[in-house]
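A.B. asks: 3D model of this:
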Amino acid sequence: MTAQIFHDSPADRGHSAAWWTSRIAIYGALILWAIICLFPIYWTLTTSFKLAPDVMKGNMIPWVDFTPMWKGWEAIGLSPGTIGQESTVREEFLKRFYNSTIISLTSSALAVLLGSLAAYGLSRFSYKWAWMRNDDISFFFLSQLILPPVVLALPILVLYKELALLDTQIGLILLYTLSVLPIVIWIMRDQFSTIPTELEEAAMVDGLGIWGAFFTIILPIALPGMVAAFILSLVLTWNEYFFAALLTSTHANTLPVMVASQTGSQGINWWSMAALSFAAILPLIVIGVALERFIIKGMAAGAVK
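C.D. replies: Model (predicted):
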């Protein structure tokens, strides 16, 4: 038998070099973009361990440019040396954290629930009100985001005073639900529009009603969009500052208001503000990472169905 030896042709070597070049360029761009996106989080975390001179000099690398200290975390009672002691600042932080959690989760869940029902109706039925049709109604919802919040400040302040909703969690929940509802409606309308109506018709032929078809067939397929809308609503409501500062004073204050209040006689306490900021965004990071996997799983399940 004669042994056969195969050699790569110049064309094959050129194709392989081009493939590796494109891969390196793509992954290099993705790594650069990841560094740009994660750098603010890194800067916030490292600033919470800096002293005033390190903050002013812009030292960036721990144990190289500066020695990490617990000054920022001591200021809010969350350092290893103060976590076992009584701290009024830590109690205030936990109170604000609780308020932000209840208000954001409740308003986001309500917005997704109401927005999904409204979006389902706009994607499946034809409406007519005066000159307005489905597209006009959808644009009307979206147009509510055009007005800047400061324009609505005085009317809402007077209304909430009359309704005794100032400095209450329910007051912020209602306002936040209305503020993110247009975004949820637009996201979910696009999601429902991609689902064939034949699925519902087949389910109703099998004996299900319109609500049965919605909860059994449509809802599982649209779940990834609902999760995405929930995450976006949660981020927006968690970080909202203007109305939280305007409508609350003692009982319903949220974390953004506390973060913005980190000023003293010597100026802004950057280390404590950084520690508070990182403690405030950490739950969003955890939720985003956890639900990202859920979104991918839901999209795969929807594709199989």
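
A.B. asks: what about residue 249, which SS state?
C.D. replies: coil (DSSP: H, G, I helix; E, B strand; the rest coil).

A.B. asks: let me know the pLDDT of it.
C.D. replies: At residue 249, the pLDDT value in this model is 87.

A.B. asks: burial of it, as a residue count?
C.D. replies: 11 (other Cβ atoms under 10 Å). For every residue, glycine as well, the C-beta is placed using N, CA and C.

A.B. asks: go ahead and confirm it touches residue 167.
C.D. replies: Yes: counting by Cβ atoms under 8 Å, residue 249 touches residue 167, with 5.1 Å between them.

A.B. asks: in this structure, which spans are helices?
C.D. replies: 10-47, 52-57, 71-75, 88-124, 134-143, 149-162, 169-193, 197-205, 210-213, 219-239, 242-247, 255-260, 270-304 (DSSP state H).

A.B. asks: and residue 285, how far is that from residue 166?
C.D. replies: Residue 285 sits 32 Å away from residue 166, going by Cβ to Cβ, to the nearest Å.

A.B. asks: more neighbours: which of these two?
C.D. replies: Higher neighbour count among residue 285 and residue 166: residue 166, with 17 against 11, using other Cβ under 10 Å.

A.B. asks: ok, now how distant is the more buried one from residue 186?
C.D. replies: Residue 166 is 31 Å from residue 186, by Cβ to Cβ.

A.B. asks: pLDDT score assigned to residue 1?
C.D. replies: pLDDT, read off for residue 1, is 46.

A.B. asks: let me redo that: residue 299
C.D. replies: 50.

A.B. asks: in contact with residue 225, which residues?
C.D. replies: Going by Cβ atoms under 8 Å, 6 or more residues apart in numbering, residue 225 touches 187-188, 190-191.

A.B. asks: and with 6 Å instead?
C.D. replies: 188, 191 (Cβ atoms under 6 Å, 6 or more residues apart in numbering).

A.B. asks: still on that earlier bit, for the helices of the chain, which one sits closest to residue 65?
C.D. replies: Closest approach to residue 65 among the helices of the chain is made by helix 52-57 (7.3 Å; Cβ to Cβ).

A.B. asks: what's the most buried one of the helices of the chain?
C.D. replies: helix 71-75 (a mean of 23; mean count of other Cβ atoms under 10 Å).

A.B. asks: which sections of the stretch 1-150 of the chain are below the confidence cut-off?
C.D. replies: Along the stretch 1-150 of the chain, the parts satisfying pLDDT under 70 run over 1-14.

A.B. asks: can you do 80?
C.D. replies: Low-confidence segments of the stretch 1-150 of the chain (pLDDT under 80): 1-17, 84, 128-132, 134.

A.B. asks: and this structure, what are its domains?
C.D. replies: 10-75, 88-261 (automatic domain parsing).

A.B. asks: contacting residues around the nearest residue to residue 141 once chain neighbours are set aside?
C.D. replies: For residue 141, ignoring the flanking residues on the chain, the nearest one in space by Cβ to Cβ, 6 or more residues apart in numbering is residue 182 at 4.3 Å. For residue 182, the contact set (Cβ under 6 Å, 6+ apart) comprises 141-142, 144-145.

A.B. asks: measure the nearest residue to residue 218 once chain neighbours are set aside to residue 269 for me?
C.D. replies: Nearest in space to residue 218, with sequence neighbours left out and distances taken as Cβ to Cβ, 6+ apart, is residue 195 at 6.0 Å. Counting by Cβ to Cβ, the gap from residue 195 to residue 269 is 51 Å.

A.B. asks: same check on residue 253?
C.D. replies: Taking Cβ to Cβ, one finds residue 253 at 18 Å from residue 269.

A.B. asks: cool, and residue 31?
C.D. replies: From residue 31 to residue 269 the distance is 34 Å (Cβ to Cβ).

A.B. asks: likewise residue 139?
C.D. replies: Distance of residue 139 to residue 269, given as Cβ to Cβ: 45 Å.

A.B. asks: and if you look at residue 191?
C.D. replies: Using Cβ to Cβ, residue 191 is found at 44 Å from residue 269.
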